[in-house]
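Undergrad: Sequence plus the predicted model coming up.
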Protein chains: 2
Amino acid sequence: MTDATMGGALDRLLAVVVVLGRDAQHRLAEIGLSDARAGLLWELARSGPTTQRRLADLIGVSPRNITGLVDGLVGTGFVTREPHPDDRRAALVTLTAHGTAVVVTLAEEQRVFARQLFDGLPAASLRSFVDGLDHVLGVIAELGADSPHLAGLLPARLSAT
Amino acid sequence: MTDATMGGALDRLLAVVVVLGRDAQHRLAEIGLSDARAGLLWELARSGPTTQRRLADLIGVSPRNITGLVDGLVGTGFVTREPHPDDRRAALVTLTAHGTAVVVTLAEEQRVFARQLFDGLPAASLRSFVDGLDHVLGVIAELGADSPHLAGLLPARLSAT
DNA sequence: TATTGTTATACTCTATAACTATA
DNA sequence: TATAGTTATAGAGTATAACAATA
């Protein structure tokens, strides 16, 4: 197989990355969310009421950063910040009714989108496609985080804009 | 085909998005580049010496933003900013030898990465995979920018971290 | 002493608006 | 009058470090 063939496959994969990322960001902005805030919201939906410290660990971001994200989400009505009942140092972040409704809506939209994306694809083709994705994920897992070969992808991704 | 099957396909696709984006950012940081600066560098490699105004249009970002990105790239030795020979209002941004070398390296690393990613895949499987990607790109193109259904993808993407 | 969250500070990316120099 | 790039200002996301209150 030629380098061009494989390069083309990677290019297409990056093109998909670009359009999905752009559209998601666009949709979130309509609702009044940024990527970072939406990530926090999503984590909150999975975990239930959570301390800021734990959110920092779950999302992989500094505690100081969580303070800012929660400030924003409180200000726009997606979450509340309340004193932790058992630990007076800690704060408990909780989805509001609005925050919960938004997460539910986004999840539903994602389901609809998956259907739009793959409904026209024969079952066998979809299976092959998923196999390809799994292969890619497997290779990346093998290469590991310390591989110096997972390299300059973003430039291509950005130029695809 | 079930919703779960298609949802799983989208989930995997988003997982790939996450790991590729993370690894690219990691690699760029090693070289001393951010996503935004790498994007400018890449565009410069494609276009040759370019005015800041044109870069703003190409990248789709405000002229003021270009000023900052070029400042950073000049300071770290990736590009030069020189007076335009014909238009004394304009500046001409040009890759340095170092900047050119970095772009070449990243492009080569990307080629190596594509090989690592797809070499283990039978040709027929790779073709099916690419077909799947093309299908996805086609559907998205059909839906168009005004579709309200390309929705809350990023939350899932982030939770996949 | 260790932990939670904050204030203080700083850097990057992003934007708009006003201004300067030039076309 | 229009265009290229800057200064001025603002806001989001990110980080570290120092500090308060509490465990």
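TA: Happy to help now that I have it. Numbering: from 1, shown residues only, chains lettered A, B, ... in the order given.
Undergrad: Where do the domain boundaries of chain A fall?
TA: Domain assignment for chain A by automatic domain parsing gives A:1-30, A:34-98.
Undergrad: now check the shortest one, is it near DNA strand C?
TA: It refers to domain A:1-30. No - applying C-beta under 7 Å from any atom of the strand, one finds that domain A:1-30 is not in contact with DNA strand C, the shortest distance being 10.9 Å. All C-beta atoms are positioned from the backbone trio N, CA, C, and that covers glycine.
Undergrad: So which bits of that domain are buried?
TA: By neighbour count, and taking 16 or more other C-beta atoms under 10 Å in any protein chain shown as the criterion, the buried residues in domain A:1-30 are A:6-21, A:23-24, A:27-28.
Undergrad: Now do the helices in chain A.
TA: With DSSP state H, the ranges of helices along chain A come out as A:3-31, A:35-47, A:52-59, A:63-75, A:97-118, A:123-143, A:153-159.
Undergrad: So which bits of chain A are right by DNA strand C?
TA: Where chain A comes near DNA strand C, counting by C-beta under 7 Å from any atom of the strand, the residues are A:51-54, A:56, A:63-64, A:66-67, A:70, A:81, A:84, A:87, A:89-91.
Undergrad: same thing but at 6 Å, please
TA: Within chain A, the positions adjacent to DNA strand C are A:Thr51, A:Gln52, A:Arg53, A:Pro63, A:Arg64, A:Thr67, A:Arg89, A:Ala90, A:Ala91 by C-beta under 6 Å from any atom of the strand.
Undergrad: Make a ChimeraX selection of whichever of these turn out to be buried.
TA: Those of the residues of chain A next to DNA strand C that meet the burial criterion (16+ other C-beta under 10 Å) are gathered into one ChimeraX selection, given here:
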select /A:51,52,91
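Undergrad: Give me the subset of the residues of chain A next to DNA strand C that also touch DNA strand D.
TA: Judged by C-beta under 6 Å from any atom of the strand, the overlap between the residues of chain A next to DNA strand C and the neighbourhood of DNA strand D comprises A:Arg64, A:Arg89.
Undergrad: could the residues of chain A next to DNA strand C go into JSON lines alongside distance to B:Gly132?
TA: Shown next, in JSON lines, are the residues of chain A next to DNA strand C (distance: C-beta to C-beta, whole Å):
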{"residue": "A:Thr51", "distance to B:Gly132": "41"}
{"residue": "A:Gln52", "distance to B:Gly132": "41"}
{"residue": "A:Arg53", "distance to B:Gly132": "41"}
{"residue": "A:Pro63", "distance to B:Gly132": "41"}
{"residue": "A:Arg64", "distance to B:Gly132": "42"}
{"residue": "A:Thr67", "distance to B:Gly132": "42"}
{"residue": "A:Arg89", "distance to B:Gly132": "50"}
{"residue": "A:Ala90", "distance to B:Gly132": "46"}
{"residue": "A:Ala91", "distance to B:Gly132": "45"}
